[in-house]
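Asks: just need the structure, nothing else, for what follows:
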Amino acid sequence: MIDPALTSDRKTMRRALRARRRAVTPAERKEGARLIAHHADCWLRLRPSWRIALYAALPEELDSTPLIELARARGCRVYLPRIDRHTLGRKMQFVALSDRQRSNRLGIVEPEGSQILGARWLDVVFLPLVGFDSHGLRLGTGGGYYDRAFAFRRWRQVWHTPQLVGLAYSFQQVEEITPAAHDVLLDAVITEKGVIRCTTG
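Replies: From the prediction side, this is the model:
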């Protein structure tokens, strides 16, 4: 059973952080995206043939375009999430980036191709987020798609691939997010200020 108090706390935090994120200027958004791509490359040293999942950013989200372009330039295989409308629970799939794209009902751009890769076989996943804490807890938009897609990571004791790396502005870090049973922890978060390794990710 979902705790109503927990849901309320998260909604309040999500509302405040999204309002602050919407206040970011176009120039700040562009510079933040550039710096995050730089930090990601310096830390991970993106390699050819790596299977990288990214996301097509909504206007208020941190722009992923520089990192997508960098990953492709490094020879990585890039995948974007797509919500499968025909499965129970509307599961998230990861589809190879292509020129054929469409917008889903939420206005998120999705690839239309047929090259689908299971979440377990990705090397690194860069996730959007609304808020995060130092323990690796991620506050998303509330849909739970990423938590469901990577639920298998909660049962692993040693093998923790793929790496889950959040992309955020530094102001999106909060002191603490109350954990929920379905949460999948991040390994790290990259902000415009650098890489934050999470303590329990």
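Asks: residue closest to the middle of this protein?
Replies: Taking Cα atoms, centre = their mean, the centroid of the chain lies closest to Leu127, which sits 0.7 Å from it.
Asks: for the helix or strand containing that one, buried residues please.
Replies: Per DSSP states H and E: Leu127 is located in strand 124-128. Within strand 124-128, the residues scored as buried using 16 or more other Cβ atoms under 10 Å are Val124, Val125, Phe126, Leu127, Pro128. To be clear about C-beta, it is placed using only N, CA and C from the backbone, and glycine gets the same treatment.
Asks: does Val24 really touch Tyr169, like I thought?
Replies: Yes: Val24 is within contact range of Tyr169, at 6.8 Å (criterion: Cβ atoms under 8 Å).
Asks: now do the shared contacts for those two.
Replies: Common contact partners of Val24 and Tyr169 (Cβ atoms under 8 Å, 6 or more residues apart in numbering): Gly32.
Asks: which is the next helix or strand following the strand holding Leu127?
Replies: Sequence-wise, the next helix or strand downstream of strand 124-128 (DSSP H and E) is strand 131-132.
Asks: just checking: what are the partner strands of whichever helix or strand comes after that next one?
Replies: Scanning forward in sequence from strand 131-132 by DSSP H and E, the next helix or strand is strand 138-139. Note on strand 138-139: by DSSP bridges, its sheet partners are strand 131-132 (antiparallel).
Asks: which residues in the chain form helices?
Replies: In the chain, the helices defined using DSSP state H lie at 4-22, 26-44, 65-73, 145-149.
Asks: out of those, which gets nearest to Thr178?
Replies: Among the helices of the chain, helix 4-22 comes nearest to Thr178, with 5.6 Å by Cβ to Cβ.
Asks: which pLDDT does the model give Asp9?
Replies: At Asp9, the model reports a pLDDT of 86.
Asks: if you skip the residues just before and after it, what's nearest to it?
Replies: The shortest distance from Asp9 to any non-neighbouring residue, by Cβ to Cβ, 6 or more residues apart in numbering, is to Thr178 (6.1 Å).
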